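J.: Structure, please.
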Amino acid sequence: MIIACPACATRYVVPDSAIGLEGRTVRCAKCRHSWFQEGPATAPVQPAPRPAPPPPPAPEQTRDPEARPSFTGFEGSVSAPPAPEAPAPVEDTPPPQAIASEHIPPPPPLAEPEGYGEESYSPFEREPPFRPRRNVLRLWTYAAVIFAAFAMGAVFAVSYWGLPDWVPISRPIFGLGQSELVLDFPPGEQDRRQLPNGTEYFGASGTVTNVGKVTHKLPPILIVLRDGRDRIVYSWEIAPPQRTLAPGETVTINEAVTDVPKAAKFAEIGWKPN
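T.: As a prediction, this is how the structure comes out:
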């Protein structure tokens, strides 16, 4: 039978057995269009002809025993018809491809890219750009060493030079007391007056005694003048007359300054802080 594509009108010659009596879905090999092709129309069934009666038997003839039989063929034999040639397609196009929609295999699953599957991935592998892992414990160790060195340097600097002036904390006015060095500056011996020329004068007198059993080094002495509101208005440092003081030894100190503030009312005497 000859079928034609309804989309591109390409015709094909196919055997009836390829389509079947019930028809099937076919696809055009040229434009890839699919359609349902119905089967060929069935011809009316005719009764088979009755066979002809067999011919009467031929009379027997005497045969010559010396005569040789000769083959002249079979009488009344019917030669077989030649085999029909396969029909050629009307156009030079490939035959249509029959498609059974119920037998179309499902598409294959998509393959995962190599190297990203669950089996090949490891959370311990380095990730791009492959930076080396950092040792957090080593970093903390370095930070602790640097902080300890800085703290030790700061403690040494404060103990040697003292706190800087910009540090907002209260500082002691006098240094630590010397347990075996006794300062004796009676208030009645402190001279506070105004000279005839109008200059303010202050004189301090007192003694330092070593009550211990070993020789001690004499630190500087600090004199602080305060006003009536207990505010510091003037201070100065007195260098000791000698550097050391033997056990039981006493040294006398007499110091005076001029141009002190007029608001100064009383004095405080102690050791100069380190």
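
J.: the strands in the stretch 101-250 of the chain, which residues?
T.: Using DSSP state E, counting those that start in this stretch, the strands assigned to the stretch 101-250 of the chain run over residues 181-184, 191-194, 200-210, 216-217, 221-226, 232-238, 244-245, 250-258.

J.: I'd say Met1 and Ile19 touch.
T.: Yes: in this structure, Met1 is within contact of Ile19 by CB atoms under 8 Å, at 6.7 Å. Any C-beta I mention is one placed from the backbone N, CA and C, and that applies to glycine too.

J.: what do the two both touch?
T.: Contact with both Met1 and Ile19 is made by residues Pro40, according to CB atoms under 8 Å, 6 or more residues apart in numbering.

J.: The two: which is more packed in?
T.: Neighbours were counted for Met1 and for Ile19 using other CB atoms under 10 Å; Ile19 has more, 19 against 14.

J.: Now for that one: which residues touch it?
T.: Met1, Ile3, Val26, Gln37, Glu38, Gly39, Pro40.

J.: Kindly recompute the last result at 6 Å.
T.: By CB atoms under 6 Å, 6 or more residues apart in numbering, the contact set of Ile19 is Gln37, Gly39.

J.: What score does it have for pLDDT?
T.: On pLDDT, Ile19 comes in at 81.

J.: what's the answer for the one 3 residues further on, then?
T.: Per-residue confidence for Glu22 comes out at a pLDDT of 82.

J.: looking at it, Ile2 is touching Pro15, isn't it?
T.: No: using CB atoms under 6 Å, Ile2 is not in contact with Pro15; the gap is 11.2 Å.

J.: still on that earlier bit, looking at the strands of the stretch 101-250 of the chain, which is closest to Ala267?
T.: Closest approach to Ala267 among those is made by strand 221-226 (5.4 Å; CB to CB).

J.: That closest one packs against which elements?
T.: strand 232-238, strand 266-271 (3 or more CB pairs under 6 Å, 6 or more residues apart in numbering; DSSP states H and E).

J.: related to what we said a few turns ago, any chance of the strands of the stretch 101-250 of the chain in TSV, with distance to Ala157 and mean pLDDT too?
T.: What follows is the strands of the stretch 101-250 of the chain, written out as TSV (distance: least, CB to CB, whole Å; pLDDT from 0 to 100):
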stretch	distance to Ala157	mean pLDDT
strand 181-184	27	91
strand 191-194	39	87
strand 200-210	30	91
strand 216-217	23	90
strand 221-226	22	91
strand 232-238	22	90
strand 244-245	28	91
strand 250-258	32	90
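
J.: can you list those strands in JSON lines and add mean neighbour count and distance to Thr141?
T.: Putting the strands of the stretch 101-250 of the chain into JSON lines (neighbours: other CB atoms under 10 Å; distance: least, CB to CB, whole Å) gives the following:
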{"stretch": "strand 181-184", "mean neighbour count": "15", "distance to Thr141": "47"}
{"stretch": "strand 191-194", "mean neighbour count": "12", "distance to Thr141": "62"}
{"stretch": "strand 200-210", "mean neighbour count": "18", "distance to Thr141": "51"}
{"stretch": "strand 216-217", "mean neighbour count": "14", "distance to Thr141": "43"}
{"stretch": "strand 221-226", "mean neighbour count": "20", "distance to Thr141": "46"}
{"stretch": "strand 232-238", "mean neighbour count": "14", "distance to Thr141": "47"}
{"stretch": "strand 244-245", "mean neighbour count": "16", "distance to Thr141": "48"}
{"stretch": "strand 250-258", "mean neighbour count": "13", "distance to Thr141": "55"}
